[in-house]
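Colleague: Provide a 3D model corresponding to the input given below.
(2 chains)
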Amino acid sequence: MRPFSYESASDTASAVRLIAARGGSKFLAGGTNLVDLMREEIERPELVIDVRGLPTGGISASADGGLTIGAAATNTAVANDRFVRERYPLIAQAILSGASGQIRNMATVGGNLLQRTRCSYFYDLASRCNKRAPRAGCDALEGFNRYHAILGASEHCIAVHPSDLCVALAALDTTVRAVGPNGERAIPFEELHRLPGDTPQIETALSADELITAVQVARLDCARRSVYRKIRDRSSYAFALVSVAAVLETSDGVVTTARLALGGVAHKPWRASRAEQVLLGAPATSETFGRAAEAELAAAVGRKDNAFKIELAKRAIVDALEELASIGGAR
Amino acid sequence: METPATTHSITLRVNGAEHALAVDARVSLLDALRERLRLTGTKKGCNQGACGACTVLAGDKRILSCLALAVQFDHVSITTVEGLANGELHPLQAAFVEHDGLQCGYCTPGQICSAIGMLAEHRAGLPSAVSAQVAASVGELTDDEIAERMSGNLCRCGAYVGIRAAIRAVADRVRP
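Modeller: Now for the predicted structure:
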């Protein structure tokens, strides 16, 4: 690990002041991703600003009946929050299906949103990676790409976003609040993460001196009937091959609300808008679910080792929706 | 460019004793425990958060000491495997012996610290990925529940059957 300076911030204003004063600085919270990346010397910050102690760990119901999660809340705290578990079970399920008990106790929501891909070529300093070294090339394109993207990828990067929580948040009406030298702003969740294009090193809409303070999820009563379905090579403590976050509301057998997002398939949590369009107003049947899945995956591109994920994603979508249609209530 | 100031004076509270240390910011909690305090019960397996051998308790929460910087744990109460026995073995230590919850023993300190934290999480009502309904109260610790909740601790010898039995025995005993 390269030498670095360490400061602990006591409030968000001083955290932002510290990072603005010195280039090459990074915020550190739970450390479950950043410390590992620093040890591998993929991340080489000169100054690390510890934001774990900031008073932004609260989880509460918003005035409008939605949910506000402070950025410093641990994954465990969110997954065990009574309001989250009852109103947004897909959020609790998504968190609990990721990482391990130890990591969930350390990792924060802000860090979860900003965690970096686990593409093995990104991690291997001997490999070419456009994300690590822009314009160097991408060894994943022709390499072992079982875990890589099938939607929204580019010839420059086929890495996927590793978060489970973010897939659940993408399916909901979520806003990210961030503070920087120019004050506070709200970022629609779908605009937080970017597709790789020809600049895969730029992963989010945040600038380097902005700090996430909270995640706000709008009220959605039908999210009580929601599910997070994750498919992976090992039944626990593994990243997704494909995951599905789904909310389904029906009335007289017709879909009245459908929220769908996919994980493990793209450089960002993938909101499945095309599938939602097929679902809305259609009968809540397996036939409809299949058509929705086909519509969403129509643009998918498989590579040497990951083409199976196209069919897997379709089946996972159908399976999740069938489950929601059959239980008729919150899981 | 100024040279990074990297040394910090911290107090580590480990197993009830306080230790004043000057540590480089790069030093992990794991290395501080092992190399500075000579508490080598906590093991270094992968050193990248994948195996769980370095699990310790911060307060009553299980964490991975390899991904923790020591400087972040100034004045935080840490419990390692050396702090569990109190004249006699901790019930989980005794259960691991009784149920053959180990072969080579390298993962054992992490397994035991993790199990203590896991049982506390279950008592606090935390569901798991195999719980039938996250909105409902958690049920008893079945073998499936234990396997899921302990999945962050790998055992290369494959002593999982004994590990699960040891944890199950203690969980059954402390159940209200």
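Colleague: burial measure for residue 97, as a count.
Modeller: Since you didn't name a chain, this refers to chain A. 26 (other C-beta atoms under 10 Å in any protein chain shown). Quick note: C-beta positions are derived from backbone N, CA and C, even for glycine.
Colleague: let me rephrase: I mean chain B.
Modeller: 14.
Colleague: what do you get for residue B:146?
Modeller: Around residue B:146 there are 24 residues (other C-beta under 10 Å).
Colleague: I figured it hits residue B:167, correct?
Modeller: Yes: applying C-beta atoms under 8 Å, one finds residue B:146 in contact with residue B:167, separated by 5.3 Å.
Colleague: which residues are common contacts for those two?
Modeller: residue B:118 (C-beta atoms under 8 Å, 6 or more residues apart in numbering or on different chains).
Colleague: burial measure for whatever residue of the stretch 201-331 of chain A ends up closest to chain B, as a count.
Modeller: Of all residues in the stretch 201-331 of chain A, residue A:236 sits closest to chain B, at 3.6 Å by C-beta to the nearest C-beta. Neighbourhood size, residue A:236 [other C-beta under 10 Å]: 19.
Colleague: over to residue A:286?
Modeller: Residue A:286 is flanked by 13 other residues according to other C-beta under 10 Å.
Colleague: coming back round to it: which residue is the nearest non-sequential neighbour of the residue of the stretch 201-331 of chain A closest to chain B?
Modeller: Of all residues not flanking residue A:236 in the chain, residue B:151 sits nearest, at 3.6 Å (C-beta to C-beta, 6 or more residues apart in numbering or on different chains).
Colleague: enumerate every residue touching that neighbour.
Modeller: Contacts of residue B:151 by C-beta under 8 Å, 6+ apart are A:100-101, A:236-237.
Colleague: now distance to residue A:53 and secondary structure too, for those residues, in CSV please.
Modeller: Below are the contacts of residue B:151 laid out as CSV (distance: C-beta to C-beta, whole Å; DSSP: H, G, I helix; E, B strand; the rest coil):
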residue, distance to residue A:53, secondary structure
A:100, 24, coil
A:101, 22, helix
A:236, 31, coil
A:237, 28, coil
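Colleague: can you flag the buried ones in the residues you listed?
Modeller: A:100-101, A:236-237 (16 or more other C-beta atoms under 10 Å in any protein chain shown).
Colleague: those residues: which two are farthest apart?
Modeller: A:101 and A:236 (10.3 Å; C-beta to C-beta).
Colleague: now name the helix or strand holding the residue of chain B found nearest chain A.
Modeller: Chain B approaches chain A most closely through residue B:152 (2.4 Å), counting by C-beta to the nearest C-beta. Following DSSP states H and E, one finds residue B:152 outside all helices and strands.
Colleague: Three-state assignment for residue B:9, please.
Modeller: strand (DSSP: H, G, I helix; E, B strand; the rest coil).
Colleague: pLDDT wise, what is it at?
Modeller: Note for residue B:9: predicted pLDDT of 97.
Colleague: so it bridges to which residues?
Modeller: residue B:22 (DSSP bridges).
Colleague: does it really touch residue B:19, like I thought?
Modeller: No: with contact defined as C-beta under 8 Å, residue B:9 does not count as touching residue B:19 (11.4 Å).
Colleague: who are the contact partners of residue 23?
Modeller: No chain specified, so I'll use chain A. Counting by C-beta under 8 Å, 6+ apart, residue A:23 has contacts A:46, A:208.
Colleague: correction: the question concerned chain B.
Modeller: By C-beta under 8 Å, 6+ apart, the neighbours of residue B:23 are B:7-8, B:10, B:32, B:36, B:70-71.
Colleague: again with residue A:231
Modeller: Contacts of residue A:231 (C-beta under 8 Å, 6+ apart): A:240-243, A:264, A:312, A:316.
Colleague: measure the closest residue to residue A:232 other than its chain neighbours to residue A:231 for me?
Modeller: Leaving aside its sequence neighbours, residue A:232 sits nearest to residue A:238 (C-beta to C-beta, 6+ apart; 4.2 Å). As judged by C-beta to C-beta, to the nearest Å, residue A:238 and residue A:231 stand 10 Å apart.
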